[in-house]
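Colleague: I need the structure of the sequence given here:
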Amino acid sequence: MTFLPIADRELRIRARRATTFLLRCLAAAVAFGLTALLLMRGGLWSGGDIVFRVVIGLAFLFCLFEGSRNTADCLSEEKRGGTLGLLFLTDLKGYDVVIGKLLATSLSSFYGLVAILPAIGVPLLTGGVTAGEFWRAVLLLIVTLFFSLSAGMFVSSVSWSERRAWAATGGIIIFFTALPPLLNEVSFSGLSFLNWASPTMALFSIHDEDYKAQPRTFWTAVAGTHALSLVLLATTAAILPKVLQVRNVPVLRNRGMNRLRSENPVAWFVSEQEGQRVFVWLFVLASAGVLLTMAFFTKSTLTTLAVTALVTHFVLTGWVAFHACHNFHDAKTSGVLEQLVPTPLSSREILDGFVAALKRIFEVPVLSLLVVEGLIIMGKSKDIGSAVGLLVFAIIAWYFLSELHAVAFYGMWTALRVRRPNQAFTKTMLIAVIIPMGLSLFCCFGVLYPIIAIVKNRVIVNSYEWPLYKDFRKLITEA
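Modeller: Numbers count the residues shown, from 1 in each chain. A predicted model of the protein is given here:
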């Protein structure tokens, strides 16, 4: 019998796909283009050090996102389709399936990472970056990609729902990447043991001045992250053959849901994901706690607070886009949208049902987070003036709410056009959020980004919301 037969088969299939080579070329083009643009700014960038930091930071985020995107649903999808159980009717072992799926799903991601490594090495030629920094960065990126892939595989092995798999994978990654540096920021020294498995702590120790001061921090974080990844994969291989029993997922029913059914049956149907609101609240409360602690119990600057708030907004924006894409795509693939076409419900009532379901999950938590941010800005307004503080808060709140509105409608539009919800989510985040953000931050250095984002979101809404309402039934028949 061939050693690791699933891996052999999957790698042969993936190696022949055009998208495997397309992603590699695209990743290289984006990395070299960004590096060239940063270097061409001349006096605005102090040598290659700043360019190196920016490119490494973006590559780090790429590894975290790309790994989870490819593996978070790879095994749970097979379980829902009933094909995973067939594999264990043969003499295949759990590690055969796990390693095969891991290699198949990680091939394009690994190719993309290898393609951007030469771009990361370009700052070596301009000065300010040493060979040691470069190779430490390469090692960290490989370990980080392996960690995100392993976390996705583990969660996918114990999940049946695609959304829960994505949410749990994101939770594990955020826990090990964001929590340790935040705890260090607020001086919780008693919880510093989490640093051993945080790739972020290794990222902060790449540069020579930090590495020479405490080399143990880098190597401990890299080794711990790699060990954690191996443990996750070994656990996945051990439990996978034992978690194939079909489980009935209870549907939430309460007085509020019955009232919603009478008001809008579409919103009632989509709101079977009502339980996600608990996780949204947990994230919002944790983020609000971090912001309050940083604002009033540490010496964090307004810039640090603003960056933390923007990261929180970005996560919530991605969460809304994820639900919008998956709700619409699930309704399309299950035939619900086609069944709604001959009903007396208008296109606006159908679409408003999907929007109402999103509001039930996100509206109150998001508004609560904005209230906390407003209190923080007013508490710090003595540094910038109360009038300026109110203006800043109004712009941030307007930008954030318009961003959620834009990704919701663009995500629903995209979900009608693609085959897989993950493709719709990726396209929505890239086109509606990430690419405009990158271009704005590069051209305007972040000062005017909220204002530009408001205009961008208005353009997206005008381009997709009105056509979606007008031609909804036509779009369903063409999907």
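
Colleague: switch to C-alpha atoms for all contacts and neighbour counts from now on
Modeller: OK.

Colleague: CA atoms only: put the helix or strand hosting F32 into PDB for me.
Modeller: Here F32 is covered by helix 18-39, with elements defined by DSSP states H and E. Taking Å, rounded to 0.1, in the frame of the first residue of the first chain, the C-alpha atoms of helix 18-39 are listed here in PDB:
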ATOM      1  CA  ALA A  18      -4.400  26.500 -12.200                       C
ATOM      2  CA  THR A  19      -5.500  28.300  -8.900                       C
ATOM      3  CA  THR A  20      -2.400  26.800  -7.200                       C
ATOM      4  CA  PHE A  21      -0.100  28.600  -9.500                       C
ATOM      5  CA  LEU A  22      -2.300  31.700  -9.700                       C
ATOM      6  CA  LEU A  23      -2.200  32.300  -6.000                       C
ATOM      7  CA  ARG A  24       1.600  31.900  -6.000                       C
ATOM      8  CA  CYS A  25       2.000  34.500  -8.700                       C
ATOM      9  CA  LEU A  26      -0.500  36.800  -7.100                       C
ATOM     10  CA  ALA A  27       1.100  36.600  -3.700                       C
ATOM     11  CA  ALA A  28       4.500  37.400  -5.200                       C
ATOM     12  CA  ALA A  29       3.200  40.300  -7.300                       C
ATOM     13  CA  VAL A  30       1.400  41.800  -4.300                       C
ATOM     14  CA  ALA A  31       4.500  41.400  -2.000                       C
ATOM     15  CA  PHE A  32       7.000  42.800  -4.500                       C
ATOM     16  CA  GLY A  33       4.600  45.600  -5.500                       C
ATOM     17  CA  LEU A  34       4.000  46.700  -1.900                       C
ATOM     18  CA  THR A  35       7.800  46.500  -1.100                       C
ATOM     19  CA  ALA A  36       8.600  48.600  -4.100                       C
ATOM     20  CA  LEU A  37       6.000  51.200  -3.300                       C
ATOM     21  CA  LEU A  38       7.300  51.500   0.300                       C
ATOM     22  CA  LEU A  39      10.900  51.800  -0.800                       C
END
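
Colleague: now the next helix or strand after that helix against helix 18-39, angle please.
Modeller: Once helix 18-39 ends, the next helix or strand along the chain (criterion: DSSP H and E) is helix 47-71. Orientation of helix 47-71 against helix 18-39 (axes from the mean of the first three to the mean of the last three CA atoms, to 10 degrees) gives an angle of 160 degrees.

Colleague: Please compute how far helix 47-71 lies from its chain's middle.
Modeller: Relative to its chain's centre, helix 47-71 lies at 13 Å (CA atoms, centre = their mean, to the nearest Å).

Colleague: what residues does it touch?
Modeller: The set of residues external to helix 47-71 that reach it, using CA atoms under 8 Å, 6 or more residues apart in numbering, is 31, 34-35, 38-39, 45, 102, 105-106, 109, 113, 120, 123-129, 137, 141, 144-153, 156, 166, 169-170, 173, 422.

Colleague: Out of the residues you listed, which end up buried?
Modeller: 31, 34-35, 38-39, 102, 105-106, 109, 113, 120, 123-124, 129, 137, 141, 144-153, 156, 166, 169-170, 173, 422 (16 or more other CA atoms under 10 Å).

Colleague: continuing past the helix or strand encompassing M437, what's the next helix or strand?
Modeller: Secondary structure assignment for M437, by DSSP H and E: helix 435-444. Of the helices and strands lying after helix 435-444 in sequence (DSSP H and E), the nearest is helix 449-470.

Colleague: List the buried residues in that next one.
Modeller: 449-450, 452-454, 456-457, 460-461, 464-465, 468-469.

Colleague: just for the stretch 251-400 of the chain, where's the confidence low?
Modeller: 251-275, 300, 334, 336-344, 381-386 (pLDDT under 70).

Colleague: Distance check, the spatially most central residue of the chain against A59.
Modeller: By CA atoms, centre = their mean, the chain has its centre lying nearest to F65, at 5.5 Å. Applying CA to CA, to the nearest Å, the value for F65 to A59 is 10 Å.

Colleague: hey, where'd the strands end up in the stretch 351-479 of the chain?
Modeller: Assigned strands in the stretch 351-479 of the chain: none (criterion: DSSP state E, counting those that start in this stretch).

Colleague: how close does the residue nearest to the centre of the chain sit to G318?
Modeller: Distance of F65 to G318, given as CA to CA: 11 Å.

Colleague: Quick one: mean pLDDT over the helix holding F32.
Modeller: For helix 18-39, the mean pLDDT works out to 81.

Colleague: what's the answer for stretch 416-424, then?
Modeller: Stretch 416-424 comes out with an average pLDDT of 80.

Colleague: okay, now A213: neighbour count?
Modeller: A count of nearby residues for A213, using other CA atoms under 10 Å, gives 10.

Colleague: swap that for G389, please
Modeller: By the criterion of other CA under 10 Å, G389 has 19 neighbours.

Colleague: my read: it touches L375, true?
Modeller: No: in this structure G389 lies outside contact range of L375 using CA atoms under 8 Å: 10.1 Å.

Colleague: which residues of the stretch 151-300 of the chain fall in helices?
Modeller: Along the stretch 151-300 of the chain, counting by DSSP state H, counting those that start in this stretch, helices occupy 162-185, 199-203, 208-213, 215-239, 255-263, 265-270, 276-296.

Colleague: out of those, which comes closest to D96?
Modeller: For the helices of the stretch 151-300 of the chain, the distance to D96 is smallest for helix 215-239, at 8.1 Å, taking CA to CA.

Colleague: in the closest one, what counts as buried?
Modeller: 217-226, 228-230, 232-237.

Colleague: could you give the mean pLDDT of stretch 157-171?
Modeller: Here stretch 157-171 scores 80 as its mean pLDDT.

Colleague: what about it, distance to the chain center?
Modeller: Centroid displacement of stretch 157-171 relative to its chain, using CA atoms, centre = their mean, is 13 Å.

Colleague: Make 45 the starting number, not 1.
Modeller: Let's use 45 as the start, then, which means that last one is stretch 201-215.

Colleague: What lies in contact with it?
Modeller: Contacts with stretch 201-215, where a contact means CA under 8 Å, 6+ apart, come from 112-113, 116-117, 119-121, 123-124, 195-196, 199-200, 280, 283-284, 287, 370.

Colleague: No further queries at this time; thank you.
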